[in-house]
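In: The sequence and its predicted three-dimensional model are supplied below.
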Amino acid sequence: MIGVAPPGFFGVEVGASPDVWVSMMMQPQLSNGNDRLRMRNNFGIEIMARLKPGVSEQQAQVATDLLSQQINSEAPGISPGLRNFLLKQHVELLPAGKGLSSLRTQFKRPLLILMGMVGLVLLIACANVANLLLARAAARQKEIAVRLALGASRFRLSRQLLTESLLLSLFGALFGLLFAFWATDLLVNLVARPRFTLELQPDLRVLGFNLGVAVLTGILFGLAPAIQATRPDLTSALKSEIPALAGAGRRFELRNILVVAQVALSLMLLVGAGLFVRTLQNLKGLDLGFRADKVLLLSMNPGLNGYKPDQASNFYAQLLERVKALPGVQSASMTDMPLLGGAWVTGVSIEGYQSRPGQDTSVTAKKVEPVFFETMGIPLLLGRDFTASDGPGAPKVAIINETLARSFWGSENPIGKRIGVESAKPDSEIIGVIKDTKYRYLKEQIPRTVYVPLAQTEVRAWERVLHVRTTGEPKDLIAAVRHEARALDKDLPLYNVKTFTELTAEGILQERVVATLSSFFGLLALLLASIGLYGVMAYAVERRTREIGIRLALGAQTSKVLKLVIGRGMALVAIGLVVGLAGALALTRFIAGQLYGVGAADPATFVAISLLLTAVALVACYLPARRAAKVDPMIALRCE
């Protein structure tokens, strides 16, 4: 050991938490002389460079692209299809100060969408506060009129009311910040995978942003109530003759406009949340082409313990035999990478097929052991599966999927045709066709895919993933499989141990996060809007108690009073729904790229959300209306 890194240092990969760094010059020692393993591990080199003085990022980008094109065009020993694929690739230069992060790429747009949702929730909450301040200012009209009559300036009174609004906003921001400290761990657990380490505790920047938003919202939404409160009718206010129906006949007074805005914004949030939930449901119910249940995955790499290729192959064969003999194991196989866990993209050459200039003939390739398709529940449509006889010295064979068969042979039977995988010579015979499955991620279009036997690949000491199909709960067999591996090599680590169901869940991590958080924000917005509507209607009933008492005393039925109050509230809701539907149709276009299996203007979602919001609003209006219908006329007529 020659040094110790600072506690917060993680290198260039954001979210990584390595324990040890070693020099690349130690690669031969780490691979114990295994040249093939060294070659495999060098595929993942990340290059860092410092720009020369006077060289711009654009100039460096052009030079790097030219160098990449030159290398790919002159690289020997690769098929035309792979060369075409490589020539289309683009080198991206990134500022080193930001580090490398797959999470940033994956969650950038979804987090921007969620940030917009947070802003809409903030607007709804501010509208609620503004309505509260308006009601409070109306209740203090006599006090404010007295102050004005005694010589107080409107500016001084407005300043006092704004100070009260700011204090309310700052206290709310303080409680929100305390909640943020508590909720950060929950968010990290929701977003971060086990191999990521994220530090998201609020810092001074978050505190400053929180303070700025609190001050801004306190001023903006406290200003209108303050101005309105300092302009009362002095004569009516001093005589306590504020009309019982003050504002009752004005449908577009500020309080009503705020309620309409709350309903509209809530509808927009709920529609967005509904679309994200539909997307998550569609992905969960997606036909993967294989059976993900009851499959256990375990990764291993004997090359790290100094195994030669033949030794590694012998180890894998013994381990498979031991695992297959375990109680509760239905079948077992190995592959270089699991489905939905990565893929090898390469070019192919097809016997008798002449590709057009510039045509992309790249395919997804996977290396598997015999019984892999049976273990994963992938139907074999034509031909046969790989067997133990398809070894290193046997004629090369391959199995393709339906999409690849249609691409190059149409409706013709491809069995017996020859294909070259990463080779200019078609040297592998197609012995089978399997059903299309998902390979890299759930939203992808099914790619052309070819499977080759692991035993016939040049490098056989690479990392492999053991697939075990069980008759019961897969996790119950982890200890037994570990025991069999240790019986062969007690020092060989097994890592990335998980069920295929867990791997599938990782594939919809982004959609699950967005659906969960957007649903929370949507329901919170619905709650705030219903509280706001209830508050406005309750305030209106309170102000119209005398009028309602007179109506009841003159023989009005309680059903009429209920209809009067509910009708007024639902009229505001109807306007909010119309505005919200128009806004939702406009805004959902920006989230169309995040959806799957559902359109941005899905009628079922819009109708369902509108009905939900209408039902909640009806309850919010009914409660004040019922109280109005139970007003005692004698008590109401004595109200001053």
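Out: Perfect, thanks for sending it. Numbering: from 1, shown residues only.

In: I'd say T501 and A292 touch.
Out: Yes: applying CB atoms under 8 Å, one finds T501 in contact with A292, separated by 5.7 Å. The way it works is simple: take the backbone N, C-alpha and C, and place the C-beta from them, glycine included.

In: Looking at these two, which has the bigger crowd around it?
Out: A292 (19 against 13; other CB atoms under 10 Å).

In: Pull out the buried residues from the host helix or strand of V536.
Out: Element membership of V536, judged by DSSP states H and E, is helix 509-543. For helix 509-543, burial by neighbour count (16 or more other CB atoms under 10 Å) applies to 509-515, 517-519, 521-522, 524-526, 528-541, 543.

In: before we move on, what about stretch 391-406?
Out: Buried residues in stretch 391-406, counting neighbours by 16+ other CB under 10 Å, are found at 396-402, 404-406.

In: Mind checking which of those land in helices?
Out: Members of these lying in helices (criterion: DSSP state H): 402, 404-406.

In: Closest to A629 out of those residues?
Out: The closest of those to A629 turns out to be E402 (CB to CB; 67.0 Å).

In: Who are the contact partners of the closest one?
Out: E402 is in contact with 381, 433-436, 446, counting by CB atoms under 8 Å, 6 or more residues apart in numbering.

In: chain center to the helix holding V536, what's the gap?
Out: Relative to its chain's centre, helix 509-543 lies at 22 Å (CA atoms, centre = their mean, to the nearest Å).

In: Can you name the element that comes right after that helix?
Out: Downstream of helix 509-543, the first helix or strand assigned by DSSP H and E is helix 545-553.

In: Just want the angle from that following helix to helix 509-543.
Out: 70 degrees (axes from the mean of the first three to the mean of the last three CA atoms, to 10 degrees).

In: ok, then the element right after the helix or strand of the chain with the lowest mean pLDDT?
Out: One helix or strand of the chain scores below all others by mean pLDDT, DSSP states H and E: helix 35-41, with a mean of 42. Per DSSP H and E, helix 35-41 leads on to helix 57-74 as the next helix or strand towards the C-terminus.

In: which stretches of the stretch 251-400 of the chain have low pLDDT?
Out: Within the stretch 251-400 of the chain, the segments meeting pLDDT under 70 span 251-252, 355, 357-359.

In: try 50
Out: Applying pLDDT under 50 to the stretch 251-400 of the chain picks out residues 251.

In: In the helix or strand harbouring F155, which of the residues would be classed as buried?
Out: If you go by DSSP H and E, F155 is part of helix 154-191. For helix 154-191, the neighbour count (16+ other CB under 10 Å) marks 157-158, 160-162, 164-166, 168-169, 172-173, 180, 184, 191 as buried.

In: likewise stretch 584-595?
Out: Here stretch 584-595 shows 584, 587-588, 591, 594-595 as buried, counting by 16+ other CB under 10 Å.

In: And that stretch, how far out from the chain middle?
Out: Per CA atoms, centre = their mean, the displacement of stretch 584-595 from the mean C-alpha position of its chain is 15 Å.

In: same check, this time on stretch 215-232
Out: Using CA atoms, centre = their mean, the offset of stretch 215-232 from its chain centre is 38 Å.

In: tell me the average confidence for it?
Out: For stretch 215-232, mean pLDDT rounds to 76.

In: same check, this time on stretch 578-590
Out: pLDDT averaged over stretch 578-590 gives 91.

In: Touching it from outside, list them.
Out: Under CB under 8 Å, 6+ apart, the answer for stretch 578-590 is 113, 260-261, 263-268, 271-272, 275, 600-601, 606, 610, 613.

In: List only buried entries from the residues you listed.
Out: Buried, going by 16+ other CB under 10 Å: 113, 260-261, 263-268, 271-272, 275, 600, 606, 610, 613, out of the contacts of stretch 578-590.

In: Tell me which residues touch A264, please.
Out: 576-577, 579-580, 583.

In: again but with G176, I slipped
Out: By CB under 8 Å, 6+ apart, the neighbours of G176 are N210.

In: Great, nothing more from me.
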